[in-house]
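give me a 3D structure for the following:
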Amino acid sequence: MLAGRLYKLLGCAVVLTCAALSVAGIHPELTGNGGEYLLMSEAFLDHGAPNITEKQYQEINGYSPNVGTNISRILKFSTLGRSPPYYRSLQGKYYSFHFWLYSLLVAPFLWLAKAFGYAMPWAFIWFNLMMAMAASCAIYACQAIPRASRLLILSLFWGCGTIPYIRWTHPEVFTASLLALAFTLYEKGKYCHASLLSAIAAQQNPPAIFLAALFLAKDFAECFSKDKGFVFPGLARLGCWPCCILASSMSAVFFWLHFGAYNLIAHVGMARYELISLERLFSLYFDMNQGMVILLWPLFVLIPFLLIANSCRQGNWRNPGLFGFSWLLLLSLLLAVPALSTTNWNSGESYVMRYAYWASIPLVFSVRYLFFENVYIKSLYVVFACALVVQGWQYAKFPKRYTEKAYTPWAEFVLDHAPQLYNPVPEIFVERGRHAPHMSNKEVYLYSHAGEISKILLNTSKNSISDIACFDGRAAQSYVQSTVSSESGWRYYNLERGCAGYADDGYSEYRRPRLISLPAELGSDDDEFYVSGCSTSEPGHRWSNGRRSIILFALNTLPRSGLGIEIRGSSLGSQHVKVSANGHAVFEGKVPEGGFPVLKVDKALLNVPVNVLTFDFPDARTPGNGDGRILAFSVVVVRIYAL
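Numbering: from 1, shown residues only. Sure thing, here's the model as predicted:
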């Protein structure tokens, strides 16, 4: 048992440290669907309703402290009437397909931000921080939970996603904090109040409605006693029950009145229940890029093990701790399963998936069942301390902005050394890899390590592995070691070593070469041929960029003797070059002024259809004029003809 003074000291230290980490280095900007929530908050300030007009755009774009943020760019992309996210109601007004409750509560903070000259995203940050602090105070003061458990719950509440999501202009911290408040009330036996808070949370994240229903059912059950029979509810209960029902139905009633649909997101196709699968459920809890257990793995490992071990030792399988953990795990699943239907599975974009964040709250509270013997408490402290160190390292390594990095360090490690072990929901692999949202089933996506392609992702309805070639011209199919099918026709192909890839390791997209007829000229502005190590086209030329450049082209048939290749351009000073065709050296030496000598490629070195020219420039360097590129040769035109 922690002493009172030590508990106060440790509790304050945890909350203040985590709060400081949350706001450290924040650059206020819109994240996720923040543009919608900001417009609705501004609408409430302007005319007291959530419908959006052009006036809100003008007010936000004309507010000078927003300069330097991404607000104008986001609003320019998401214009009024663009669907999604804005839809015209039956009454002719425009609303977001996200509910407006979060924006209404943020509106007073937006007024403060404008009054004191702060950028508008600060309003969301302040509100999120206030909600997290309120939940922390409730956990800290919940005497129904032992002090050691409360301290651990506080740490996990902040660590399971609150720290990175404080800066999000999104209701994730709002939902998680309300659920944390609900569970503290549940622990105190105030089931109706817990139901009310869960119902409010469900207006922004609908799966919380299941918690509201269960907590309300629990409160109904309290009115019946095995010994006394029916007990007439008091005035507090009689007032709370209709409030729960009204709060639960608020968003459904609003959308029905304005759009004739109970849930606008589902109505417009942004939720598809056929997507619910064990694959997605596993992803939500365990995925190495965004799964909840990345942060909460001690709960899944320690709690069941220690509870089962204790039950075995005592010979009593009616252990209340084991039942309590199972109950909270069930509640977490009730939050998780409906969220699996979203068509935007990479919705977190910031370390841990946002659905996984608030679905973790029941598991956070399950740690109270760990504290049943001192020997287990001592072992837990050691393991939990190690978990916090790992978690702190992860926060330090992962950037504050999603687009700065592809994968988490451990996902990157597995992809580099054992790619067959990590086959996530395709959207995670693609969007985390390409540093941007959106994917297309017409594209082929790759992962390379040590200069070799180790993983290929394609949609079997649009592409076939038999059509894909390694970048030395050899068939990728011959290197396939294993395949893993995923949702909606996507399939992973895990390759053994040997399939030559881009020079740069990591994620890339397959560039399908264009068929050429001989003779052919590849201009400097023909982007599809310059697949790697090449700068963007400039007027009349294109520079190499880096120490290796790759040109890719395809032939329908092989020429009788071979190919002649003329490359006109100019070099940056004296440059040495090694040229390979499909992995075979065809030239090595100094680049003459004005271009290469004619490169001759024997027919035996050519492939049908894909052929690769690789240029290695060991002397490539920056030009010294402020241009940060590593330059060697500037291509004007590449002429290919039959010998």
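
just the pLDDT at L80, thanks.
In the prediction, the pLDDT value recorded for L80 is 88.

meant to ask about A450
As summarised for this prediction, A450 has a pLDDT of 81.

and it, what does it touch?
Contacts here follow Cβ atoms under 8 Å, 6 or more residues apart in numbering; on that basis A450 touches 497, 505. Just so you know, the C-beta spots here come from the backbone N, C-alpha and C atoms, and that holds for glycine as well.

number the residues from 36 up from this point.
Noted, 36 is the first residue going forward, which turns the last one into A485.

let me see the domain layout of the chain.
By the assignment in automatic domain parsing, the chain contains the domains 462-544, 550-677.

just the terminal-to-terminal distance for the first one.
Spelled out, it's domain 462-544. End-to-end distance for domain 462-544: 14 Å, by Cα to Cα, to the nearest Å.

helices along the stretch 86-235 of the chain, start to end?
Residue ranges of the helices in the stretch 86-235 of the chain, as given by DSSP state H, counting those that start in this stretch, are 89-96, 106-112, 136-150, 156-176, 182-192, 198-200, 207-222, 226-237.

so which of those gets nearest F448?
Of all the helices of the stretch 86-235 of the chain, the one in closest proximity to F448, counting by Cβ to Cβ, is helix 198-200 (20.8 Å).

the closest one packs against which elements?
For helix 198-200, the helices and strands in contact under the criterion 3 or more Cβ pairs under 8 Å, 6 or more residues apart in numbering; DSSP states H and E are helix 39-58, helix 207-222.

out of those, deepest packed?
Neighbour counts averaged per stretch over the helices and strands packed on helix 198-200 are highest for helix 207-222, at a mean of 27; criterion: mean count of other Cβ atoms under 10 Å.

what about it, distance to the chain center?
Here helix 207-222 shows a centroid-to-chain-centroid distance of 23 Å under the convention Cα atoms, centre = their mean, to the nearest Å.

mind giving me the packing neighbours of it?
Contact here means 3+ Cβ pairs under 8 Å, 6+ apart; on that basis helix 207-222 packs against helix 156-176, helix 198-200, helix 226-237, helix 244-257, helix 389-394, helix 396-400.

save those as CSV, and put in mean neighbour count and distance to L125 too.
Written out in CSV, the entries for the helices and strands packed on helix 207-222 read as follows (neighbours: other Cβ atoms under 10 Å; distance: least, Cβ to Cβ, whole Å):
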stretch, mean neighbour count, distance to L125
helix 156-176, 21, 30
helix 198-200, 24, 34
helix 226-237, 26, 24
helix 244-257, 19, 25
helix 389-394, 28, 30
helix 396-400, 27, 36
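
now render the ones you listed as TSV, adding distance to L292 and mean pLDDT.
Shown next, in TSV, are the helices and strands packed on helix 207-222 (distance: least, Cβ to Cβ, whole Å; pLDDT from 0 to 100):
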stretch	distance to L292	mean pLDDT
helix 156-176	27	96
helix 198-200	31	87
helix 226-237	18	95
helix 244-257	19	90
helix 389-394	27	90
helix 396-400	31	90
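
same list (the ones you listed) but as TSV, adding distance to F464.
As requested, these are exported to TSV (distance: least, Cβ to Cβ, whole Å):
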stretch	distance to F464
helix 156-176	29
helix 198-200	21
helix 226-237	31
helix 244-257	30
helix 389-394	17
helix 396-400	26
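
L136 is nearest to which of these?
Each of those has some distance to L136 by Cβ to Cβ; the shortest is helix 226-237, at 7.3 Å.

what helices or strands is that closest one leaning on?
Where contact means 3+ Cβ pairs under 8 Å, 6+ apart, helix 226-237 is packed against helix 207-222, helix 244-257, helix 270-294.

E466: which of those helices is closest?
Distance to E466, taken as Cβ to Cβ, is lowest for helix 207-222 among the helices and strands packed on helix 226-237, at 18.0 Å.
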